[in-house]
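Novice: Here is a sequence together with a model predicted from it:
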Amino acid sequence: MSKRLFITIAAFFILTATCLSAAGVKNLKGQKFDYVSSDSHFQNPFIDIDKTIEVPVKCRYIHGGFDDGTRFSFYFPLKKEDFTGRFFQYITPLPDSETSAQNYYAASPIGFSIAHGAYFIETNEGGAFNPGDTSKDSSIGAYRANAACAEFSRYIAKLLYDCPRPYGYCFGGSGGAYRTTGGMEATEGVWDGSVPFVLGSPQAIPNVFGVRMYALRILRDKMDDIIDAMRPGGSGDPYTTLNTEERQVLKEATGMGFPIKSWYGWKHMDAHGFTVLYRSLIGMDLPYFREDFWNKPGYLGYDNPPSLQRDHLQEKAVVKRAVGQSEAERLGLVAPISEADKGSADRAWASLGTGFKEKPVAFEIDHPVEMHTLGGEMMLLSGKGEGQQLQISGTKGAYVILASVNAPELLASVNEGDRVQIDNSDWLAFETYYRHQVPTRDFYVWDQFRSFNGIPVYPQRPMLIGPIITTSASGILPTGKIHGKMILCCSVWDREAFPWQGDWYRTKVTEYLGESADESFRLWYTDRSTHGGEDDPTEVVDYTTVLYQALLDLSDWVERGVSPSPTTDYRIEEAQVLLSEDGSTRGGIQPTVKVTVEGSEKAEIKAGQTVRMHVSVDVPEGTGRVVSAKWCMDGSGIFSKDVDLSNGVFSKDGEHLEFDTEVSFSEAGTYFPTVKVFSERHGDAQTPYTCIPNLGKMRVVVSE
């Protein structure tokens, strides 16, 4: 072979390696595409990254966008033979980064998709969300950007795999659930099915925040009693130690749908996303906050009960100094942040040229102040910022903790010696705003505020804020008029999207689809789960694997006609979602777990005495078998004691399991041994994606 021929052949292979990806198709970066979107807003699609990545899973990563600012990330299986003809698309709660899923390593949605032969999509939903910007069509962030990227992904999949039209499934939670249902209602043919989760209603925001904040303030000294009553082996009556006002407030919050067992986490409940909305809400109904609440009959401020007088704060003070992130962390004022985030914040702050070395996250004032609300204001009475106010999230001694939403320029205007007023008047007024927002009768939790003739007992505001905020945030109000199949997953202990709202949406779907609703819709409730993750592993479980199994069941439903497990068997009593006690016929896919001693959830023993606990587990029919169980005996949240299931008694199909475990405690006290049990569709205990958890626990009272 001549040297010239060898060089030519070598050059050919180098060029081929450069132009081909692992899927055997040339690199698409910078290519021009003969593609026209069905939505004329989205023009000139481009790809600026096309490469193989190793983390969080090995796959072909394609990044690009449209010329309006919409961006997407596609993650494709490397080999054509590994592609099963579908995609899963994650819908974020608010328009966000198209690369956020890369930060999830355990049970990553990218890894889940690739492991099951699907490609994964995430978008920025058209760009950053600004609630005050009315120039941008809200439908773009609601569903149109997601739809445009989904359609373009099919074009790319055709180039990569030479395949028929891939099936498409979207899923999103909280604000993303609004967008997911909105996409299914407003489009046809883009997604074949969806899994929205922890879905609210058009009346959820801001009302759910007020319900919780009001109860937290009034009941703060009785929370431990309420929690104890509702735990296994408790009295079951959370009202026993409450006075008249406390009983009324707990009854009202429970009647609004706050899951009463979810108060276990009350010490860690904060304002969450309401912090961002707070000042906008005041601007939307300024007369309520400035005049009506405090001065007109029918409002709590006018009644001015002793609890309101006790907690109403209008305290003048003098600023001593600013406190930056590092010191605030040491003082226990704020949660730690990463060094990268801290560095970025410090650099941005330094550019303002203030007298403070770090961006303030708190101010020290000249005397201690005690605030019993989750937010308020620090009004600036002197200095450069005189007449303005900073939003605060709390106080601790002589430290005033700032909310994260304050403008840096306003923070920079505060100096040592400035006079301020710590004030929670507006925050207190907001807490019962929901009483004055009674909507239509389908939102049945508000019936407690109607008289016998249906007329609201409290004065009503001139407009309902909930639908305005929902439309602003998500671009569309949920109506139930879906196109395609849907499995809605809701959490029974959800403190932000109260669980009755899943039932509300199910009713809307049924009104639209009629008798055929069961052919297209399921509602699965996950017990012992909240809006987010596991804040206390001995009380709640993570629902992520429920979502993944729902996506797989949804694809089988669409593609092969295999009906998923029925809607969870539940009932609504006084706005609380109560699940059927029969785990085998409950529906959904979560196992039920019961722990007893001689049939009781409570045992009384002496220190050092051994007690035998009996565990009974049922998996809903046809949804798998029990694959593992482990104990946490000491309340630490660490489940370190594995159960040898070979010693248990299984039913033939593996859907029912019983086993015993012995335990003793050397010291007196009250203990709650907790067992975490997992079921899996195919009996695979090792998969990180589809092992479905639940907890069982009991009370053991140990005396000397």
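Specialist: Yep, it's here. Numbering: from 1, shown residues only.
Novice: tally of neighbours for residue 32?
Specialist: Using other C-beta atoms under 10 Å, residue 32 has 8 neighbouring residues. Every C-beta, even on glycine, is put in place using the N, C-alpha and C of the backbone.
Novice: Ok, residue 453 next?
Specialist: Residues within reach of residue 453, counting by other C-beta under 10 Å, total 5.
Novice: mind checking how far stretch 547-560 is from the chain centre?
Specialist: Put simply, stretch 547-560 sits 22 Å off its chain's centre (C-alpha atoms, centre = their mean, to the nearest Å).
Novice: buried residues in that stretch?
Specialist: 547-555, 557-558 (16 or more other C-beta atoms under 10 Å).
Novice: Quick one: name whatever helix or strand follows the worst-scoring helix or strand of the chain on mean pLDDT.
Specialist: When each helix and strand of the chain is scored by mean pLDDT, DSSP states H and E, helix 3-19 comes last, with a mean of 36. With elements assigned by DSSP states H and E, the helix or strand that comes after helix 3-19 is strand 46-53.
Novice: List the strands paired with that next one, with their directions.
Specialist: When sheet partners are counted by DSSP bridges, strand 46-53 sits next to strand 59-65 (antiparallel).
Novice: Tell me which residues are up against the strand it pairs with.
Specialist: Applying C-beta atoms under 8 Å, 6 or more residues apart in numbering, the contact partners of strand 59-65 are 21-23, 28, 45-53, 71-78, 98-99, 110, 114, 124, 156, 160.
Novice: got it, and stretch 172-188?
Specialist: By C-beta under 8 Å, 6+ apart, the surrounding residues in contact with stretch 172-188 are 90-94, 125, 139, 141-143, 146-147, 170-171, 190-191, 194-200, 470, 473-476, 478-484, 486, 496-497, 505, 531.
Novice: quick one on the thing from earlier: adding secondary structure, write the buried residues of stretch 547-560 out as a markdown table.
Specialist: Formatted as a markdown table, those follow (DSSP: H, G, I helix; E, B strand; the rest coil):
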| residue | secondary structure |
| --- | --- |
| 547 | helix |
| 548 | helix |
| 549 | helix |
| 550 | helix |
| 551 | helix |
| 552 | helix |
| 553 | helix |
| 554 | helix |
| 555 | helix |
| 557 | helix |
| 558 | helix |
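Novice: Out of those, the closest to residue 644 would be?
Specialist: residue 549 (25.8 Å; C-beta to C-beta).
Novice: Relative to residue 558, how far out is the closest one?
Specialist: 15 Å (C-beta to C-beta, to the nearest Å).
Novice: picking that back up, just the buried subset of the contacts of stretch 172-188, written out for PyMOL, thanks.
Specialist: This is the PyMOL syntax for the buried subset of the contacts of stretch 172-188, where burial follows 16+ other C-beta under 10 Å:
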select buried, resi 90+91+92+93+94+125+139+141+142+143+146+147+170+171+190+191+194+195+196+197+198+199+200+470+473+474+475+476+478+479+480+482+483+484+486+496+497+505+531
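Novice: Show me the contacts of stretch 172-188 that map onto strands.
Specialist: Judged by DSSP state E, the contacts of stretch 172-188 include 90-91, 170-171, 194-197, 486 as members of strands.
Novice: Count the residues that sit near residue 441.
Specialist: Residues near residue 441, counting by other C-beta under 10 Å: 10.
Novice: Per-residue pLDDT of residue 675, please?
Specialist: Per-residue pLDDT puts residue 675 at 98.
Novice: my read: it touches residue 697, true?
Specialist: Yes: counting by C-beta atoms under 8 Å, residue 697 is a contact partner of residue 675 at 7.1 Å.
Novice: just the ones in strands among the contacts of stretch 172-188 now: which is nearest residue 607?
Specialist: So of the ones in strands among the contacts of stretch 172-188, ranked by how close each gets to residue 607 (C-beta to C-beta), first place is residue 197, at 44.3 Å.
Novice: beta partners of that closest one?
Specialist: If you apply DSSP bridges, the partners that residue 197 bridges to are residue 173, residue 489.
Novice: Please report how far it lies from residue 589.
Specialist: 13 Å.
Novice: end to end, how far does stretch 177-197 reach?
Specialist: In stretch 177-197, first residue to last residue: 6 Å (C-alpha to C-alpha, to the nearest Å).
Novice: quick one: buried residues of it?
Specialist: 177-187, 190-197.
Novice: Quick one: mean pLDDT for it?
Specialist: Average pLDDT, stretch 177-197: 96.
Novice: just how off-centre is that stretch within its chain?
Specialist: 18 Å.
Novice: mind listing the strands for the stretch 601-704 of the chain?
Specialist: Taking DSSP state E, counting those that start in this stretch as the test, the strands found in the stretch 601-704 of the chain are 602-606, 610-618, 625-632, 641-642, 649-650, 656-664, 669-671, 674-680, 691-697, 699-703.
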